[in-house]
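**Student:** curious how this folds, go ahead:
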Amino acid sequence: MSAPLKDKVALVTGASRGIGAAIAKRLASDGATVVLTYAGSRSAADGVAREIVAGGGKARAIQANALMPGTGATVVEDVIRNEGALDILVNNAGVNIMKPLEAIEDVDFETVFGVNVRGTLDVVRASARHMGEGGRIIVVTATIANDYFAPSLGLYGASKAAANAFVQGWCRDLGPKGITINAVVPGPINTDMNPESSELGQKLHEMVPLGRHGTPEEVASLADFLAGPDSSFITGALMNVDGGMSV
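**Tutor:** Next up, the predicted model:
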């Protein structure tokens, strides 16, 4: 079987469950050595790493709180020290606080923008310093950045819009180094944070041409493609995985 990511080292943030876990497993299945981070659930993250190892892959989990400034650099230094290189970054770590405008507190802004915006800057900046020709950076954002289908999503959507802007702006900085950067932009995906069976989940189906939620594995397929050699002329792209919801 082919292993297009053989000898590559990948860092996947926020990978103890859901989309991040699916991406970590998919990259490992294609031959990458995967370092995955978690904010709080060590047992879940260790479980993902064990599953990868049991399947013949290479993986380990480390704790990282993206809310804390400098965490991205610390994690990247750990990867370089222990794996010797960093070829692929998938920044999936994120947080969502849903509140109407009048209820948003300063701490909510600091938390959402601290993780989703500054945290993205921290880890992408640190990773780019160690990557060369053929480096791959993938940022997981959300269709809510441009498609507000319900109230109380303004704070989260603004943070993901900022992340999308980072991707499009930084492709100009990274292109001369031969590094690509792209955004994977999921719509409704069936995870424990957005279950298909919930009342909101069922309402979302009315907005999705395919009439269902996506799966974490479907998001992981796109991330895996963008991490591999076949995506070498794609950079600065915002690529939706949303069943047509944003059309």
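
**Student:** buried stuff in the lowest-mean-pLDDT helix or strand in the chain?
**Tutor:** None of the helices or strands of the chain scores lower by mean pLDDT, DSSP states H and E than helix 199-205, at a mean of 84. Judged by neighbour count using 16 or more other C-beta atoms under 10 Å, the buried positions of helix 199-205 are residue 204. All C-beta spots, glycine's among them, are computed from the backbone N, C-alpha and C.

**Student:** list the contacts of whatever helix or strand comes next after it.
**Tutor:** Counting by DSSP states H and E, the element after helix 199-205 in chain order, helix or strand, is helix 216-227. Residues from elsewhere that reach helix 216-227 (C-beta atoms under 8 Å, 6 or more residues apart in numbering): 5, 8, 10, 18-19, 21-23, 25-27, 30, 32, 88, 90, 136, 138, 140, 180, 182, 184, 186, 189-191, 231, 234, 239, 241.

**Student:** helix/strand/coil for residue 243?
**Tutor:** The three-state label given to residue 243 by DSSP: H, G, I helix; E, B strand; the rest coil is coil.

**Student:** for the one 3 residues further on, same thing?
**Tutor:** Residue 246 falls in the coil class when you classify it by three-state DSSP.

**Student:** elements contacting the longest helix along the chain?
**Tutor:** What stands out as the longest helix in the chain, according to DSSP state H, is helix 154-174. Contacts defined by 3 or more C-beta pairs under 8 Å, 6 or more residues apart in numbering; DSSP states H and E place helix 154-174 against helix 106-113, helix 119-128, strand 136-140, strand 180-186, strand 238-241.

**Student:** quick check: which of the ones you listed is nearest to residue 73?
**Tutor:** For those, the distance to residue 73 is smallest for helix 119-128, at 4.2 Å, taking C-beta to C-beta.

**Student:** residues making contact with that closest one?
**Tutor:** With contacts defined as C-beta under 8 Å, 6+ apart, helix 119-128 is touched by 11, 13, 66-67, 69-73, 75-77, 86, 89, 91, 93, 135, 137, 139, 163, 166, 170, 173-174, 177, 179, 181.

**Student:** same thing with stretch 199-211?
**Tutor:** By C-beta under 8 Å, 6+ apart, stretch 199-211 touches 149-150, 187-188, 190, 194-196, 212-213, 242-245, 247.
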